[in-house]
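Asker: below are the sequence and a predicted model; questions follow.
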Amino acid sequence: MTNTSDSIRMRGKLIAVWWFPVAVFLIFRFFQIQVTRHEYYFSEARGRYTASRTMAGKRGEIFDRSGYLLVGNSPCVEIFCTPANLPENSRRGVAVICSKFFGKPAMWYYRRLAPVVRRKGPDGVEREVRSLYFMINRQTPLETAEAFKKALTRLFQTEKERAAGKTTARHFPRGFIAYRNSSYRTYPKGRLASNILGYINVVNDSAIPQGGLEKELNKTITPEMGREIYERTRDGIPLDYGYRKFSESRDGKDVYLTISEPVQAILEEELDAAYEKWRPETIYAAIADPNTGEILALAQRPTFNPGDRRTFDPAAVRTRIAEDSYEPGSVIKPFSIGKALDWGVVTPDTVIDCEKGRWIYLKRPLTDSHNYDKLTVAGVIQKSSNIGTAKVALTLGKERVYEILKLFGFGEKTGLPFPLESRGYLPRPGRWDGLSITRFPIGYGIRVSPLQLLRAYCALACNGDLPELKLVDRLVDTSTGEETRRPVRIIRRTFMNPAAHRQLVDMMVTVTEPGGTATKAAVPGYRVAGKTGTSRKYIPGRGYSAGAYFASFVGFVPAYKPRLVMLVTFDNPKGASYGGTIAGPVFSRAASRILKYWNVPPDHVPGKNTAGKK
C-alpha cells in the first residue's frame, strides 16, 4: 500500500517528465531567439520604435572659368507635417494660415490636412489609413518660414501665453509640424548661358535635372545623402536618449567651365540685337580658343530664363546648338580647297573656269551668285564660287573628298557634355550619287552641327591641329579642395604642309577685305580670316525652299595669331539671306568688343599689306 509521501513523489516525477521536453524546447527557442537569430529579431523590434531621416548635402554649383557664379544654391526651409497628429478642431485654423502664407485656397490645405486618407493596399482594396506626411511648402524663404512658425504657434497659444509674449505654446500638437533646412537652385545671371546650364525640376521632393549640364553632370554635382536613425515615441517624436546612428552627407562637386562670363555676355547682347532686327527662327553662335579648344561662349536664340517658367518653350529650352544640324553652304568650302593645296593638287594661282556662273554637270545645273568667268583658286574662296569648288573636288575624287570631311571631324560627335548632341550626316562614298561630289564640298547634301563647324575652324586657325573641344575646365571637391582638370588634347593634324596652310589663311583673309563676300565681318585694326555661307533650307516633304535660308559666317581673329574662333548662323532670317550681310556684322561687333576687353593689340594698319605675316 502506497503512502501519501510516495504518491507525492510519483506525481512530482510525472510532472518533471512532462515538463522536461517543454523546458528543453523553451531553452532551445530562447537560444534561437537570443543567440542564433538575435540580429533578425533585434532589427525587427528596432523597426517598431526607431525612425530615420535623410539629410541632403549641397548640390554642386557651376562657375565660369574665373569663378563667377552661374548656378548656385540659396538656403530655404521645407515645411511638412503629419496630419494625423493635428486635432480636428484646429484643422481649419491651420489651413487658413497656410493659405495666407503660401497662396493656395484654404480649402485646398484643409482637405490635405485630413487625419486619414484612402489608399489602395497591396491587394488593391482601398482602405482608410492615417495620413503621416504632407508637404506644406518646399522652397520657403527663411524669413517667411520664421513668420509662419510664429503665426502657427500663436494659433495654439492661450490668451495668457499671448499676453506674456511667449514664443511657445503649451498645447501645440506634438509631432505635427517639422521644418527642414534645404536649398533651392538659383540662376543669378538669368538667361545667360541658360541652354548650356539647363535647369532643375522638383518632383516628389527630388531634384530632377532637365537638359544641359545640370543633366549631363548630374552624377558629379549630386550630393551624397546623409542618414540618421533614432528612437522615437509612438507619435513619431524623436527621443533625446537611446539608440542613434548617423552618417554624414557629402556635397556635390563644384564645376568650373571654360566659359568666360564677360565674353558670353557680349555675344548674347549682340545676338539679342540681331534677333530683333532679322527675326530668324533660330540663331546659333559659339566662340572658342583655337589654341586649346576651350569653349568661351555658346548661345542661341530663342532662349529662356531658368528662374522664370513663363519663358519656357520647347524651341527655347532645347540645347539646339548641340542637337541641331543643317546644310552649311559655303562655310565648308575651305576644307576641300585647303587640302587640295596641302596635297599639291592645286595652287592659289591655279585658274578654274567658272563657266560664267552656270555649269551643267550630269544634266543638272550648278550656279554661282555672280557670272564669274575664270577665277584663280584664291579667287574661288574670295568670291565663294560653287562651280570653282566643285571642279576642284572633281579633281580630288570622292574618296579623298570624303577623307577630307572626316579628317576635320564631320560626321562624328565633338564629345562635349550634351546628351543629345548631333553627329550630323555624312554618308560613305558608296552611298553617294553622281552629283554628290559636286554638292557635298559646297555644303549641300550633308548636314553638320554648329559645334562641328566650330571645331573644324579651330583646326584652320591653329596650324591645322584639330583640338578636342572642352567645356568643363575643372571639378572641385569642396570637402577636400581636390581639383580634377581635363588636359588640352589635339585629336590629329589636318595639314602636313605648313606653307599650304598659310596660303589658305591668306585666301580666307581676302574674304573680309574689299572684293570679298564678308566685308561686314571685318574688325577694324585686325586681320580677319573667315568664310561666309548661304544655303537654301530643305523643308521635309517639300524640298528646298525658295525663300528660307541658313546664313552663316565663321572666322578667326587675329588671322595670323588667332585668339578666338567664332561661328554665327541664322536659320531663316527675314529681310535678307546672305551670310556676309546678316551674320558678318554680328561677328564684327562681338569680336571687336571682346578683343578690346582682352587688350589684344591691333595687327593691321589700313593701307599696309600684312597678309601672310605672323
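Answerer: Okay, I see it.
Asker: and the longest strand for this structure?
Answerer: Secondary structure of the chain read by DSSP state E shows that its longest strand is strand 543-557.
Asker: report the buried residues of that strand.
Answerer: 548, 549, 550, 551, 552, 553, 554, 555, 556, 557 (16 or more other CB atoms under 10 Å). Just so you know, the C-beta spots here come from the backbone N, C-alpha and C atoms, and that holds for glycine as well.
Asker: quick one, the following helix or strand past that strand and strand 543-557 angle?
Answerer: Once the chain leaves strand 543-557, the next helix or strand it forms, by DSSP states H and E, is strand 564-571. Relative orientation of strand 564-571 versus strand 543-557 (axes from the mean of the first three to the mean of the last three CA atoms, to 10 degrees): 160 degrees.
Asker: mind checking the pLDDT average for strand 564-571?
Answerer: Average pLDDT, strand 564-571: 98.
Asker: what about the residue nearest the centre of the chain, distance to residue 582?
Answerer: Closest to where the C-alpha atoms of the chain average out (CA atoms, centre = their mean) is residue 212, at 1.2 Å. Distance, residue 212 to residue 582, by CB to CB, to the nearest Å: 27 Å.
Asker: residues in contact with residue 334?
Answerer: 381, 460, 504, 507, 508, 531 (CB atoms under 8 Å, 6 or more residues apart in numbering).
Asker: let's see the helix or strand hosting it as PDB, backbone CA atoms only.
Answerer: Element membership for residue 334 (DSSP H and E) is helix 333-342. Taking C-alpha atoms only, helix 333-342 is exported to PDB below (Å, rounded to 0.1, in the frame of the first residue of the first chain):
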ATOM      1  CA  LYS A 333      34.500  75.200 -98.900                       C
ATOM      2  CA  PRO A 334      37.900  76.000 -97.300                       C
ATOM      3  CA  PHE A 335      38.300  72.300 -96.200                       C
ATOM      4  CA  SER A 336      38.400  70.800 -99.700                       C
ATOM      5  CA  ILE A 337      40.300  73.700-101.200                       C
ATOM      6  CA  GLY A 338      42.700  73.700 -98.300                       C
ATOM      7  CA  LYS A 339      43.600  70.000 -98.600                       C
ATOM      8  CA  ALA A 340      43.900  70.300-102.400                       C
ATOM      9  CA  LEU A 341      46.600  72.900-101.600                       C
ATOM     10  CA  ASP A 342      48.100  70.600 -99.000                       C
END
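Asker: for it, the distance to its chain's centre please.
Answerer: Mean-position distance between helix 333-342 and its chain equals 35 Å (CA atoms, centre = their mean, to the nearest Å).
Asker: tell me the backbone dihedrals of residue 118, please.
Answerer: phi -100, psi 130 (degrees, to the nearest 10).
Asker: wait, what's in contact with it?
Answerer: 126, 127, 128, 129.
Asker: wait, which of those residues is closest to residue 31?
Answerer: The shortest approach to residue 31 among the contacts of residue 118 belongs to residue 129, at 38.4 Å (CB to CB).
Asker: would you confirm that the closest one contacts residue 114?
Answerer: No: contact criterion CB atoms under 8 Å: residue 129 and residue 114 do not qualify, at 11.3 Å.
Asker: give me the more crowded residue out of those two.
Answerer: Each of residue 129 and residue 114 has its neighbours counted (other CB atoms under 10 Å); residue 114 has more, 16 against 12.
Asker: over to that one: give its phi and psi.
Answerer: phi -60, psi 140.
Asker: ok, so what distance separates it from residue 101?
Answerer: In this view, residue 114 and residue 101 are 20 Å apart by CB to CB.
Asker: could you do residue 562 as well?
Answerer: 57 Å.
Asker: and the closest residue to residue 417 other than its chain neighbours, what does it touch?
Answerer: Leaving aside its sequence neighbours, residue 417 sits nearest to residue 216 (CB to CB, 6 or more residues apart in numbering; 4.2 Å). Residues in contact with residue 216, defined by CB under 8 Å, 6+ apart, are 198, 417, 418, 419.
Asker: residue boundaries of the strands in the stretch 401-550 of the chain?
Answerer: 465-467, 472-476, 483-485, 490-493, 529-539, 543-557 (DSSP state E, counting those that start in this stretch).
Asker: strand partners of the longest one, parallel vs antiparallel please.
Answerer: What it means is strand 543-557. strand 529-539 (antiparallel), strand 564-571 (antiparallel) (DSSP bridges).
Asker: centre of the chain to the lengthiest helix in the chain, how far?
Answerer: Longest helix in the chain, counting residues (DSSP state H): helix 4-31. Chain-centre distance of helix 4-31: 77 Å, with CA atoms, centre = their mean.
Asker: so the spatially closest residue to residue 92 that is not a sequence neighbour versus residue 521, what's the distance?
Answerer: Of all residues not flanking residue 92 in the chain, residue 110 sits nearest, at 6.1 Å (CB to CB, 6+ apart). Distance of residue 110 to residue 521, given as CB to CB: 65 Å.
Asker: more neighbours: which of those two?
Answerer: Taking neighbours as other CB under 10 Å, residue 110 and residue 521 compare with residue 521 leading, 30 against 17.
Asker: which pLDDT value goes with that one?
Answerer: 98.
Asker: ditto for residue 203
Answerer: 75.
Asker: how far away is it from residue 108?
Answerer: 19 Å.
Asker: neighbour count winner among the two?
Answerer: A direct count of neighbours by other CB under 10 Å for residue 203 and residue 108 places residue 108 higher, at 14 against 8.
Asker: what's the burial count for the spatially closest residue to that one that is not a sequence neighbour?
Answerer: Closest residue to residue 108 apart from its sequence neighbours, by CB to CB, 6+ apart: residue 99 at 7.6 Å. Look at residue 99: counted by other CB under 10 Å, it has 16 neighbours.
Asker: now do the one 3 residues further on
Answerer: The burial count assigned to residue 102 is 16, neighbours taken as other CB under 10 Å.
Asker: surely it is in contact with residue 135?
Answerer: No: the pair residue 102 / residue 135 is not scored as a contact, 10.8 Å apart, by CB under 8 Å.
Asker: report the beta-bridge partners for residue 361.
Answerer: residue 364.
Asker: buried residues in the helix or strand harbouring residue 390, which are they?
Answerer: If you go by DSSP H and E, residue 390 is part of helix 386-396. By neighbour count on 16+ other CB under 10 Å, the buried set for helix 386-396 is 386, 387, 388, 389, 390, 391, 392, 393, 396.
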